[in-house]
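1. Any chance you can model this:
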Amino acid sequence: YEMLEGASAYCLSCTPLGLTSAWWSFRAISILTGLISFMAHVFYCWRIRVMGRSWYIPIFVIMV
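-> I've put the predicted structure just below:
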């Protein structure tokens, strides 16, 4: 029971020290999300290029 005393509603409402200094992690997540989605998009366009044997559709998809 003594271990559960720290898990009260008061503990959940306090601001941990890590959240006040973690502003960089939100920027890192945004950058990594954009990078990963860009890589997936380019891979998808490359697959369209390989199967369609044309540059027109992949270029259109990249521009959209």
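2. what sits up against whichever strand or helix holds Phe60?
-> Per DSSP states H and E, Phe60 falls inside helix 56-63. Applying CB atoms under 8 Å, 6 or more residues apart in numbering, the external contacts of helix 56-63 come out as His41, Val42, Tyr44, Cys45, Trp46, Ile48, Arg49, Gly52. In this view, the C-beta of every residue, glycine as well, is placed from N, C-alpha and C.
3. Val42 versus the last one, what's the distance?
-> Put plainly, it is Gly52. Distance from Gly52 to Val42, counting by CB to CB, to the nearest Å: 15 Å.
4. just for this structure, where's the confidence low?
-> Within the chain, the ranges that satisfy pLDDT under 70 run 1-24.
5. try it again with 80
-> Residues of the chain that meet the criterion pLDDT under 80 lie in 1-26.
6. any idea where the helices of this structure begin and end?
-> Using DSSP state H, the helices of the chain run over residues 9-13, 17-20, 23-52, 56-63.
7. Can I get the ones you listed in a markdown table including mean neighbour count?
-> Putting the helices of the chain into a markdown table (neighbours: other CB atoms under 10 Å) gives the following:
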| stretch | mean neighbour count |
| --- | --- |
| helix 9-13 | 8 |
| helix 17-20 | 8 |
| helix 23-52 | 11 |
| helix 56-63 | 12 |
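8. out of the contacts of helix 56-63, which one sits closest to Arg27?
-> Comparing those against Arg27 with CB to CB places His41 closest, at 21.2 Å.
9. The closest one: what's it in contact with?
-> His41 neighbours (CB under 8 Å, 6+ apart): Val61, Ile62.
10. State the distance from Ile48 to Phe38.
-> Applying CB to CB to Ile48 and Phe38 gives a distance of 16 Å.
11. pull the CA atoms of stretch 31-50 into CSV?
-> What follows is stretch 31-50, C-alpha atoms only, in CSV (Å, rounded to 0.1, in the frame of the first residue of the first chain):
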residue,chain,number,x,y,z
ILE,A,31,11.2,16.9,-37.9
LEU,A,32,11.3,13.1,-37.8
THR,A,33,7.7,12.7,-38.7
GLY,A,34,8.2,14.9,-41.7
LEU,A,35,11.4,13.0,-42.7
ILE,A,36,9.7,9.6,-42.4
SER,A,37,6.6,10.7,-44.3
PHE,A,38,8.8,12.2,-47.1
MET,A,39,10.8,8.9,-47.4
ALA,A,40,7.5,6.9,-47.5
HIS,A,41,6.2,9.3,-50.2
VAL,A,42,9.3,9.0,-52.3
PHE,A,43,9.3,5.2,-52.0
TYR,A,44,5.6,5.1,-53.1
CYS,A,45,6.4,7.4,-56.1
TRP,A,46,9.4,5.2,-57.0
ARG,A,47,7.1,2.1,-57.0
ILE,A,48,4.6,3.9,-59.2
ARG,A,49,7.5,4.8,-61.6
VAL,A,50,8.8,1.2,-61.7
